[in-house]
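Participant: Fold the following for me, if possible:
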Amino acid sequence: MIKIENLSKTFSGKSVLDNINLEIKEGEILVVLGQSGTGKSVLLKHLIGLLKPDQGAIHINAKDITCLSEKELLKIRSNIGYLFQEGALYDFMNVAENIAFPLHEHTQFSKKIIAQKVTEILEIVDLKGIEKVYPSELSGGMRKRVALARAIILDSKILFCDEPTSGLDPIRSRDISDLIHDASRKLNCTTVITSHDIRNSFRIADRVVLMHGGKITAQGTESELRKSQDPFVKDFLMN
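Facilitator: Residues are numbered from 1 along each chain as shown. As a prediction, the model looks like this:
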């Protein structure tokens with residue numbers, strides 16, 4: 001479903017992505033692991049079309065999104081859910097309005113149907129009955145859940161999550177990881193997650209990619225990565 005070919009990007013002369021090649025299977029949960037500043041989030045922003053590469057291609061459903069116009073990109077994005085690192089909820093909207101925003105933008109559903117879908121999706125993320133609450137009244141974990149609900153409200157077949165456990169304690173990190181896993185399976189969507197959370201990544205991922213210095217250093221299952229003799233891989237997994 002997603003194929004990345006020879007993807008490179010530099011900022012101010014510094015290489016951030018260096019000839020990335022990666023194929024992500026339909027329905028797969030892939031976690032991109034790595035230290036801060038290694039290019040994980042930059043890669044994800046390329047996959048959604050927020051950044052253009054210096055060279056290379058990104059094929060989503062056989063279309064190279066690096067060549068598309070903004071109008072064409074919007075059509076592709078309508079089938080992609082994106083969970084931002086800090087949630088990126090609108091402070092001036094309550095929970096229901098935040099979650100309903102994609103439905104207003106991309107569908108012609110009636111207000112009744114939209115309200116029904118918001119209620120249903122809140123049950124999926126275990127936040128029933130908070131439609132009228134504002135983001136400032138929510139804990140960090142609850143904000144992540146609301147942001148996830150907004151990301152999957154369109155029943156998207158692709159879900160991108162940027163550091164979803166960032167800023168959360170171990171229990172909340174585990175809970176949001178499990179929630180992403182369960183939602184991905186329920187929707188049968190292809191999910192790409194960036195993270196530095198080794199334990200939860202191995203718990204929920206079908207496959208893990210480890211990035212270092214803008215390159216893919218290793219990829220595979222937990223057992224495959226733990227057998228690696230690469231010094232960086234061994235050191236990273238020990239932390």
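Participant: what comes into contact with stretch 118-138?
Facilitator: Contact with stretch 118-138 is made by 87, 89-91, 93-96, 98-100, 142-143, 145-146, 148-149, 152-153, 179, 183, 186, as judged by CB atoms under 8 Å, 6 or more residues apart in numbering. From N, CA and C alone the C-beta is placed, and that goes for glycine too.
Participant: Got a ChimeraX select line for the buried ones in the residues you listed?
Facilitator: Command for ChimeraX that selects the buried part of the contacts of stretch 118-138, burial taken from 16 or more other CB atoms under 10 Å:
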select :87,89,94,95,96,98,99,100,142,143,145,146,148,149,152,153,179,183
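Participant: List the ones among the contacts of stretch 118-138 that fall in helices.
Facilitator: 95-96, 98-100, 142-143, 145-146, 148-149, 152, 179, 183, 186 (DSSP state H).
Participant: how close does the residue most central in space within the chain sit to D91?
Facilitator: When CA atoms, centre = their mean is applied to the chain, the residue found nearest the centroid is C161 (1.7 Å). Distance, C161 to D91, using CB to CB, to the nearest Å: 21 Å.
Participant: do F236 as well
Facilitator: Distance, F236 to D91, using CB to CB: 36 Å.
Participant: show me where this structure has strands.
Facilitator: 2-11, 14-24, 29-33, 55-60, 63-64, 80-83, 158-162, 190-195, 207-212, 215-220 (DSSP state E).
Participant: Low-confidence stretches in this protein?
Facilitator: 87, 239 (pLDDT under 70).
Participant: hmm, 50 instead?
Facilitator: Counting by pLDDT under 50, the chain shows no low-confidence range.
Participant: Pretty sure I20 sits against I216.
Facilitator: Yes. Shown here, I20 and I216 form a contact pair, counting by CB atoms under 8 Å, at 6.2 Å.
Participant: So those two - more neighbours on which side?
Facilitator: I20 (23 against 20; other CB atoms under 10 Å).
Participant: give the contact list for the closest residue to the more buried one other than its chain neighbours.
Facilitator: Spatial nearest neighbour of I20, chain neighbours left out: L7 (4.2 Å); criterion: CB to CB, 6 or more residues apart in numbering. Listed by CB under 8 Å, 6+ apart, the contact set of L7 reads 17, 19-21, 43, 46, 53, 55-58.
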